[in-house]
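1. give me a model of this one.
(one chain, ligands or ions: 1)
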Amino acid sequence: MNLAEYLNKLLAIEQECTNFLTAANEKTEVSDIKNKFLGRKSELTALLRSIVELRPEERGEAGKAANETRTKIESLVNQKLNATPENAEVLDVSLPGDKFSEGHLHLTTQAIKEITKIFEKIGFYKVRYPEVDWDWYAFTSLNFPLNHPARDDWETFFIDKTEQDPKLGKRVLTPHTSSGQVREMQTGRMPIRMINISKTYRRQIDISHTPMFHQFEGLLIDKGITIAHLKGVLDYFVKEFFGPDRKVRIRPYNFRFTEPSFEVDVSLPDGSKIGKNGWLEIGGAGMVHPKVLEAGGIDPKVYSGFAFGWGVERNKIVQKGIQIDDIRILYQNDIRFLKQF
Ligand code: DAH
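-> Predicted structure coming up:
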């Protein structure tokens, strides 16, 4: 390489750099250009090092020209940097959007909707009655004699013990959805096919009880209703809710408001860790007691009916096979728990 060639190379580098800078319109591009033309691996740096390849008398002029080129490029780059706005925000419409995290219904609400739908399919209608109701609806009308110790079994919250209605007694937080039975009979609707899903309250709180939970109460009253109808409805519900392979078993039991009364068991899948010998008790049921029909103004000689009352949360937990060490977590609004369902 001779001096002329060396000087030409310097000119070419400067020209190329100018072209790059003209085309650049973002600060990051200008920085890249600075690196390319002035960095340790730049052509200019290599050219400065190769000065030893020139004849000694040419080296002075070549070095001077190279340094001038360097200074020139530096000032061009700095000028361009000052004249270039901050990086424009890049909008790439083809990128996936930001996803908002979505909430969902609480496990209990999901269960209530699901249970309602199952019963609506066979002609039941949903009702709601007061959650603060009279003792009479919760107990007396359901054939619990006054001061019967059975009232304690339900661990009831009584409200304002001094205020009493001569016929209806004290006010209570409804300890079961059965309190809706006589209220429904009093509407005069016939036939009755109610499904009453509501909050229920009991003075119990430990790892397997919350003082508020939900029940669903079925009540069907018409002419000629028998246990066979009850069994048919229970079979239908269990297959819809738990799956087509599940079976229902009813065992004699005692409730004041049904005669005969039953506890209802559902069969469990093979290898299930819960229940007894493949069966799990999930609720109560029975044929409505004649005295209860009378309390609701219905003639037991003309009409008969069945009722059942089950826990919403309990059934949902069994349905999903959820292992819960402490049932109270259902109502603690811990998002880590709730978002799993
Ligand atoms: N009310 C009862 C309870 O809370 C459940 C129940 C049993 C409801 C039998 C009924 C029934 O309608 O027929 O434990």
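
2. quick check: buried residues in the helix or strand encompassing residue 126?
-> According to DSSP states H and E, residue 126 maps onto strand 125-127. Neighbour counts over strand 125-127 (16 or more other CB atoms under 10 Å) mark residue 127 as buried. Any C-beta I mention is one placed from the backbone N, CA and C, and that applies to glycine too.

3. which neighbours does it have in its sheet, and in what orientation?
-> strand 192-201 (parallel) (DSSP bridges).

4. ok, stretch 129-146 near the ligand or not?
-> No - using CB under 6 Å from any ligand atom, we find that stretch 129-146 stays clear of the ligand, coming within 8.3 Å at best.

5. from the rest of the structure, what touches that stretch?
-> Taking contacts as CB atoms under 8 Å, 6 or more residues apart in numbering, the residues outside stretch 129-146 that touch it are 148, 150-151, 154, 156, 158-159, 165, 167-176, 178-184, 196, 198-199, 201, 256-257, 289, 291-292, 295-296.

6. what bits of the stretch 201-341 of the chain have low per-residue confidence?
-> Within the stretch 201-341 of the chain, not a single segment meets pLDDT under 70.

7. could you list the contact residues of this protein toward the ligand?
-> So the chain meets the ligand at 176, 178, 217, 255, 258, 261, 284-286, 307-309 (CB under 6 Å from any ligand atom).

8. residue 201 contacts residue 174, correct?
-> Yes - with contact defined as CB atoms under 8 Å, residue 201 counts as touching residue 174 (6.7 Å).

9. and these two? which has more neighbours close in?
-> Neighbour totals were compared for residue 201 and residue 174, and residue 174 leads with 26 against 20 (other CB atoms under 10 Å).

10. does the more buried one touch residue 200 like I think?
-> Yes - between residue 174 and residue 200 there is a contact under CB under 8 Å: 5.7 Å.

11. could I get the average pLDDT for stretch 30-47?
-> Across stretch 30-47, the average pLDDT comes to 88.

12. brain fart, stretch 139-150
-> Mean predicted lDDT for stretch 139-150 stands at 86.

13. which ones are touching the nearest residue to residue 50 once chain neighbours are set aside?
-> Excluding the flanking residues, the one nearest residue 50 by CB to CB, 6 or more residues apart in numbering is residue 1, at 7.1 Å. Going by CB under 8 Å, 6+ apart, residue 1 touches 50, 53-54.

14. out of these, which end up buried?
-> By 16+ other CB under 10 Å, these give residue 54 as buried.

15. I'd like the distance between the residue nearest to residue 50 and residue 202.
-> Distance, residue 1 to residue 202, using CB to CB, to the nearest Å: 99 Å.

16. tell me how many other residues crowd the closest residue to the ligand within the stretch 51-200 of the chain.
-> Of all residues in the stretch 51-200 of the chain, the one sitting closest to the ligand is residue 176 (3.4 Å; CB to the nearest ligand atom). Residue 176 sits with 23 neighbouring residues when counted by other CB under 10 Å.

17. can you check the one 4 residues further on too?
-> Other residues lying near residue 180 total 27 when counted by other CB under 10 Å.

18. that one and residue 186 touch, don't they?
-> No - judged on CB under 8 Å, residue 180 makes no contact with residue 186 at a distance of 10.4 Å.

19. in CSV, list the contacts of residue 1 along with distance to residue 72, pLDDT and secondary structure.
-> CSV is the format used below for these (distance: CB to CB, whole Å; pLDDT from 0 to 100; DSSP: H, G, I helix; E, B strand; the rest coil):
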residue, distance to residue 72, pLDDT, secondary structure
50, 19, 86, helix
53, 23, 86, helix
54, 21, 87, coil
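
20. pick the one among the contacts of residue 1 closest to residue 209.
-> Of all those, residue 209 sits closest to residue 50, with 88.4 Å by CB to CB.

21. and stretch 217-231, which residues are buried?
-> So, applying 16+ other CB under 10 Å, buried residues of stretch 217-231: 217-221, 225, 229-231.

22. and it, how far apart are its ends?
-> 15 Å (CA to CA, to the nearest Å).

23. next one: it to chain centre, how far?
-> On the basis of CA atoms, centre = their mean, to the nearest Å, stretch 217-231 sits 35 Å off its chain's mean C-alpha point.
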